[in-house]
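**Q** give the three-dimensional model of this entry:
(one chain, ligands or ions: 1)
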Amino acid sequence: MDFLIRPARAADIPAIYELVAHYAKQKHLLARTCRQIAKLRHTFFVAVDKQTHAVIGCGALEIFSSKLAEVRSLAVNPACKNCGIGRALVAACLHRARSRKIAEVMTITSSDAFFQKQGFDFALPNEKKALFFLTGTHGEV
Ligand SMILES: CC(C)(COP(=O)(O)OP(=O)(O)OC[C@H]1O[C@@H](n2cnc3c(N)ncnc32)[C@H](O)[C@@H]1OP(=O)(O)O)[C@@H](O)C(=O)NCCC(=O)NCCS
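**A** I've put the predicted structure just below:
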């Protein structure tokens, strides 16, 4: 499949919404409203089919500080899986992180085997691990 990766445009928001909603229904991703996607649009990349110009994948790099960023909302159209699109979207996120000199990139995912193939690991060097605490509140995502 021939595709390209580019930063998301305003016109891509409905397609990103559909991709994320598809996997949110299956509990693989956190649901996003079009309003939230619009607000975070600058963090998103999309994969576009070179022939049809359809958006067939998306992924975002949310930068929290010069130390930490997170790959979020990574989704590939089910009909286009296993063509290297997910890998290319993660590579775009990692390239952006490197170019902004962000030290660490993390992700919270059920697709851990996929992310391990992209070089992610469960722990940092020196046995440092990420631990989570749920506050029980529902903050703006
Ligand atoms: C996970 C996901 C993004 C992978 O996208 P994809 O375009 O199908 O993946 P790619 O074709 O780029 O695969 C790259 C490599 O990972 C492997 N891979 C793909 N999905 C995998 C999975 N679920 N588990 C393990 N390995 C996987 C591929 O076989 C390929 O391996 P190779 O380098 O040895 O050839 C896609 O399946 C998806 O949208 N999943 C649902 C949403 C989700 O879980 N997102 C992640 C949370 S942020």
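
**Q** how about Ile63: what's its closest non-neighbour residue?
**A** Taking Cβ to Cβ, 6 or more residues apart in numbering, and ignoring the residues beside it in sequence, Ile63 has Ala69 as its nearest neighbour in space, at 4.4 Å. For glycine as for every other residue, the C-beta is placed from the backbone atoms N, C-alpha and C.

**Q** strand partners of the strand or helix carrying that neighbour, parallel vs antiparallel please.
**A** Using DSSP states H and E, Ala69 maps to strand 68-76. Strand 68-76 sits in its sheet next to strand 55-63 (antiparallel), strand 104-106 (parallel), going by DSSP bridges.

**Q** so does it get close to the ligand?
**A** Yes: part of strand 68-76 sits near the ligand under the criterion Cβ under 6 Å from any ligand atom, namely 71, 74-76.

**Q** check contacts around the residue nearest to Ile63.
**A** Residues near Ala69 by Cβ atoms under 8 Å, 6 or more residues apart in numbering: 61-63, 93, 97, 100, 102, 104-106.

**Q** which residues touch Val20?
**A** The neighbourhood of Val20, defined by Cβ under 8 Å, 6+ apart, consists of 29, 31-32, 37, 58, 73, 75.

**Q** helix or strand for it, which one?
**A** helix 13-25.

**Q** quick check, pLDDT for the residue in the chain that the ligand sits nearest to.
**A** Nearest residue of the chain to the ligand, counting by Cβ to the nearest ligand atom: Gly86, 2.3 Å away. Gly86 carries a pLDDT score of 98 in this model.
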